[in-house]
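# Give me coordinates for this.
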Amino acid sequence: MKKIGLLILLSFCFFSFTLHKYYIALTEIEYVPKEESVQMIMNTFMDDIEVAIQTEFGKELKLTTAQELPEANAVIYAYLQNHFKVTLNGTPVSYRFLGKETEGTIVYFYLEIKNIKSLNSIEIQNDMLVKNFPDQQNLIKVKIGSKRKSLFLNKKNDKGLLKF
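Here you go, the predicted structure:
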């Protein structure tokens with residue numbers, strides 16, 4: 001899933017012939033019935049998330065440097081909780097922040113929701129980065145069994161519901 005996300009982000013950048021940067025983040029969500037969990041991988045450009053967190057919390061993450069903020073994961077998790085909300089089967093749920101990983105200029109966040117016996121609907125509210133980057137687009141791809149659905153969220157439309 002991580003490689004597909006990276007390819008999508010790189011494709012958007014590659015096909016940009018304008019002088020401005022593309023602002024896009026991808027969240028891949030998969031329900032794993034055997035583990036009764038919803039597993040999420042979110043990726044975005046590292047500099048974009050650092051700008052957003054600096055603006056909101058006044059903290060410089062300095063990801064991937066020797067000066068990386070010791071509480072970087074906690075600050076990122078707080079930011080995500082403010083801007084990325086999940087509702088499963090009509091009930092708002094909390095997710096765990098499992099960690100982060102970087103690859104070049106991309107940062108991946110790993111999230112999980114446990115004890116989910118079945119999944120019929122998922123609602124996502126995602127206004128990540130739109131305060132700092134009005135052109136920000138947040139692509140959400142959901143896989144439940146063999147079914148796949150997507151949402152494309154932005155500043156004007158930051159919430160969507162998928163039924164399975």
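# Number of residues surrounding the residue lying closest to Leu129 once chain neighbours are set aside?
The spatially closest residue to Leu129, leaving aside those adjacent along the chain, is Gln136, at 4.3 Å (Cβ to Cβ, 6 or more residues apart in numbering). Every C-beta, even on glycine, is put in place using the N, C-alpha and C of the backbone. Burial measure for Gln136: 23 neighbouring residues, criterion other Cβ atoms under 10 Å.
# Am I right that Gln136 is in contact with Tyr22?
No - counting by Cβ atoms under 8 Å, Gln136 stays clear of Tyr22, with 9.5 Å between them.
# Do you have the strands of the chain handy? List them.
24-32, 37-45, 84-88, 91-93, 96-103, 106-114, 121-126, 137-144, 147-154, 159-163 (DSSP state E).
# okay if I get the ones you listed as TSV plus distance to Ala52?
Output for the strands of the chain, formatted as TSV (distance: least, Cβ to Cβ, whole Å):
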stretch	distance to Ala52
strand 24-32	10
strand 37-45	9
strand 84-88	12
strand 91-93	23
strand 96-103	14
strand 106-114	12
strand 121-126	13
strand 137-144	12
strand 147-154	15
strand 159-163	19
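# could I get those as TSV with mean neighbour count and mean pLDDT?
Listed next are the strands of the chain as TSV, based on neighbours: other Cβ atoms under 10 Å; pLDDT from 0 to 100:
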stretch	mean neighbour count	mean pLDDT
strand 24-32	21	97
strand 37-45	22	97
strand 84-88	18	98
strand 91-93	11	98
strand 96-103	14	97
strand 106-114	18	98
strand 121-126	20	98
strand 137-144	20	97
strand 147-154	15	96
strand 159-163	14	97
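# closest one to Val75 among the ones you listed?
Taking Cβ to Cβ, strand 96-103 is the member of these nearest to Val75, at 10.6 Å.
# that older thread, do you know which of the strands of the chain lies nearest Gln67?
When these are compared for distance to Gln67 using Cβ to Cβ, the nearest one is strand 96-103, at 14.8 Å.
# now the residue positioned nearest the centre of the chain: how far from Gly58?
Residue closest to the average C-alpha location in the chain (Cα atoms, centre = their mean): Met42, at 3.3 Å. Distance of Met42 to Gly58, given as Cβ to Cβ, to the nearest Å: 23 Å.
# got it, and Ser37?
In terms of Cβ to Cβ, Ser37 sits 34 Å off from Gly58.
# Equivalent analysis for Tyr23, please.
Taking Cβ to Cβ, one finds Tyr23 at 22 Å from Gly58.
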